[in-house]
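*Asks:* Quick one, fold the following:
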Amino acid sequence: MRGHIILAAAIAIAGAGQAVADDLVRVKTDKSVTAAMDSLQAAVEGAGATVFARVDHAAGAQKVDMELGDAQVLIFGNPKLGTPAMQADPLAGLFLPLKVLAYGDADGQVWLVYESPKEMLDDLNIDDDAEYVQKMTGALAKLTGKAAGS
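*Replies:* Numbering: from 1, shown residues only. Down below sits the predicted model:
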């Protein structure tokens with residue numbers, strides 16, 4: 001299980017590094033990183049989705065005697081939405097399940113950030129207007145808005 005979490009974190013980091021800034025949706029919150037992630041996790045579970053992992057990057061850095069600002073990633077999904085995407089193009093499995101990063105910027109502002117599903121899946125054999133893409137987009141907006149307290 002630990003190996004899967006590390007692999008999932010590496011994939012999340014690699015995916016975030018590849019994303020163009022315009023592809024990222026940022027939701028501002030007045031909560032701490034931990035409180036925002038707790039709220040997001042509760043919202044995801046309350047919506048009936050599955051939380052696969054919660055990665056605490058700062059805790060990982062501490063384990064190797066390094067410092068990193070508070071940052072956590074929640075990896076979650078719903079097979080009713082993800083499976084049709086992977087049926088349309090198996091490469092969607094590189095981008096799914098969905099991921100949301102909570103972090104504090106240099107000014108201390110906490111953000112919830114995720115990649116737009118439409119943009120995330122844009123280079124695959126998936127219709128931008130597919131119902132499941134629209135549902136993923138709506139779910140991410142609703143869940144992060146609820147977690148942020150907006």
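
*Asks:* tally of neighbours for residue 112?
*Replies:* 27 (other CB atoms under 10 Å). C-beta here means a position set from N, CA and C on the backbone, and glycine is covered the same way.

*Asks:* can you check the one 5 residues further on too?
*Replies:* Number of residues near residue 117 (other CB under 10 Å) recorded here: 28.

*Asks:* now do residue 46
*Replies:* For residue 46, the neighbour count with other CB under 10 Å is 10.

*Asks:* That one and residue 146: what is the separation?
*Replies:* With distances taken as CB to CB, to the nearest Å, residue 46 is found 9 Å from residue 146.

*Asks:* Ok, residue 124 next?
*Replies:* Distance of residue 124 to residue 146, given as CB to CB: 28 Å.

*Asks:* what does residue 84 give?
*Replies:* 24 Å.

*Asks:* same question, residue 66
*Replies:* 33 Å.

*Asks:* When the two are compared, which one has more neighbours?
*Replies:* Looking at residue 66 and residue 146 with other CB under 10 Å, you find the greater number of neighbours at residue 146, namely 16 against 9.

*Asks:* Checking residue 113 next. Helix, strand or coil?
*Replies:* strand (DSSP: H, G, I helix; E, B strand; the rest coil).

*Asks:* who does it bridge with?
*Replies:* When assigned by DSSP bridges, residue 113 has beta-bridge partners residue 26, residue 101.

*Asks:* That one: what's it in contact with?
*Replies:* Residue 113 makes contact with 16, 24, 25, 26, 27, 100, 101, 102, 103, according to CB atoms under 8 Å, 6 or more residues apart in numbering.

*Asks:* how about 6 Å then?
*Replies:* Going by CB atoms under 6 Å, 6 or more residues apart in numbering, residue 113 touches 24, 26, 101.

*Asks:* of the residues you listed, buried ones?
*Replies:* For the contacts of residue 113, a burial check counting by 16 or more other CB atoms under 10 Å picks out 24, 101.

*Asks:* For the protein, which segments are assigned as strands?
*Replies:* 24-29, 50-56, 71-77, 98-104, 110-115 (DSSP state E).

*Asks:* can you tell which of those is closest to residue 39?
*Replies:* strand 24-29 (8.4 Å; CB to CB).

*Asks:* Touching that closest one from outside, list them.
*Replies:* 36, 110, 111, 112, 113, 114, 115, 116, 144, 148.
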